[in-house]
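A.B. asks: how would this look folded up:
(2 chains)
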Amino acid sequence: GENVEQHPSTLSVQEGDSAVIKCTYSDSASNYFPWYKQELGKRPQLIIDIRSNVGEKKDQRIAVTLNKTAKHFSLHITETQPEDSAVYFCAASLSGGYQKVTFGTGTKLQVIP
Amino acid sequence: EAGVAQSPRYKIIEKRQSVAFWCNPISGHATLYWYQQILGQGPKLLIQFQNNGVVDDSQLPKDRFSAERLKGVDSTLKIQPAKLEDSAVYLCASSLVVPNTEAFFGQGTRLTVV
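C.D. replies: Below you'll find the predicted structure:
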């Protein structure tokens, strides 16, 4: 089955700096890659996603890049703010008869004011 | 906007006891997922329903865990008997059947087995 690895497990940045989280996946048939943000004690919520026919997607301060050949994708957060502090999960999704989503292990991002 | 509803929010039980969690997905979402999230880890899929049929239960410990989704709407997840290692947050999520769509999560049930 699909295996998603995520690095780093923890990340501390100064407010205003950029943060990058990287994920790799094993199944080349995966075609959808969502990123979820989970604040302490709250539910995971989708912040951005990318499909396999696209190499990069941006939404304000957040961007995701996808390299299908290398089977890795990354989340980039620019001009970080304290409210960006949370755990971020990448996921890889394979659509066949049904959508199968596999999550990474998470990155705890701390933005230091 | 109505989201995914789960209950209870918290549950403490002794090992070997049984427990049940309930989930009400977003209206119109045919796909329902139950995830187990152990502290410090990513969500791990336990079981996935499409309408009221199971499409993936490969990681469900079937000797102690069971789940059902009657009438293709609400779902319950049961653990019997519970073990200490079952302590985790149990997340329910739902999505449309359309491929490559967002999964919406509930608040989760935090289970502590003592």
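
A.B. asks: get me the contact residues on chain A for chain B.
C.D. replies: A:1, A:4, A:6, A:31-32, A:34, A:36, A:42-46, A:49, A:51, A:89, A:93, A:95, A:97-106 (Cβ under 8 Å from any Cβ of the partner chain). Quick note: C-beta positions are derived from backbone N, CA and C, even for glycine.

A.B. asks: show me what contacts residue A:62?
C.D. replies: A:47, A:48, A:75, A:76, A:77, A:78 (Cβ atoms under 8 Å, 6 or more residues apart in numbering or on different chains).

A.B. asks: identify the residue nearest the fourth one in space, chain neighbours excluded?
C.D. replies: This points to residue A:76. The spatial neighbour of residue A:76 that comes closest, neighbours along the chain excluded (Cβ to Cβ, 6 or more residues apart in numbering or on different chains), is residue A:63 at 4.5 Å.

A.B. asks: just the element for that neighbour, please.
C.D. replies: According to DSSP states H and E, residue A:63 maps onto strand A:62-67.

A.B. asks: and that strand, what's buried?
C.D. replies: Across strand A:62-67, burial judged by 16 or more other Cβ atoms under 10 Å in any protein chain shown covers A:62, A:63, A:64, A:65, A:66.

A.B. asks: tell me how far the first one lies from chain B.
C.D. replies: The reference is to residue A:62. 15 Å (Cβ to the nearest Cβ, to the nearest Å).

A.B. asks: same question for the third one.
C.D. replies: When Cβ to the nearest Cβ is applied, the distance between residue A:64 and chain B equals 14 Å.

A.B. asks: quick one, grab the pLDDT at that residue.
C.D. replies: For residue A:64, the pLDDT comes out at 98.

A.B. asks: please tell me I have it right and residue A:8 contacts residue A:21.
C.D. replies: Yes - in this structure, residue A:8 is within contact of residue A:21 by Cβ atoms under 8 Å, at 7.4 Å.

A.B. asks: and the spatially most central residue of chain B, which of the three is it?
C.D. replies: By Cα atoms, centre = their mean, chain B has its centre lying nearest to residue B:34, at 2.9 Å. Following DSSP: H, G, I helix; E, B strand; the rest coil, we place residue B:34 in the strand state.

A.B. asks: how near is it to chain A?
C.D. replies: Applying Cβ to the nearest Cβ, the value for residue B:34 to chain A is 12 Å.

A.B. asks: can you tell me who that residue pairs with across the strands?
C.D. replies: residue B:47, residue B:92 (DSSP bridges).

A.B. asks: OK, contacts around it?
C.D. replies: B:23, B:45, B:46, B:47, B:48, B:67, B:75, B:77, B:90, B:91, B:92.

A.B. asks: could you dump those residues to TSV with pLDDT and neighbour count?
C.D. replies: What follows is the contacts of residue B:34, written out as TSV (pLDDT from 0 to 100; neighbours: other Cβ atoms under 10 Å in any protein chain shown):
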residue	pLDDT	neighbour count
B:23	97	25
B:45	93	20
B:46	96	20
B:47	96	24
B:48	94	25
B:67	97	23
B:75	97	23
B:77	98	23
B:90	97	23
B:91	96	27
B:92	97	28
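
A.B. asks: remind me, longest strand of chain A?
C.D. replies: Criterion DSSP state E: the longest strand present in chain A is strand A:86-95.

A.B. asks: for it, what is the average pLDDT?
C.D. replies: 92.

A.B. asks: ok, now stretch B:93-109?
C.D. replies: For stretch B:93-109, the per-residue pLDDT averages 90.
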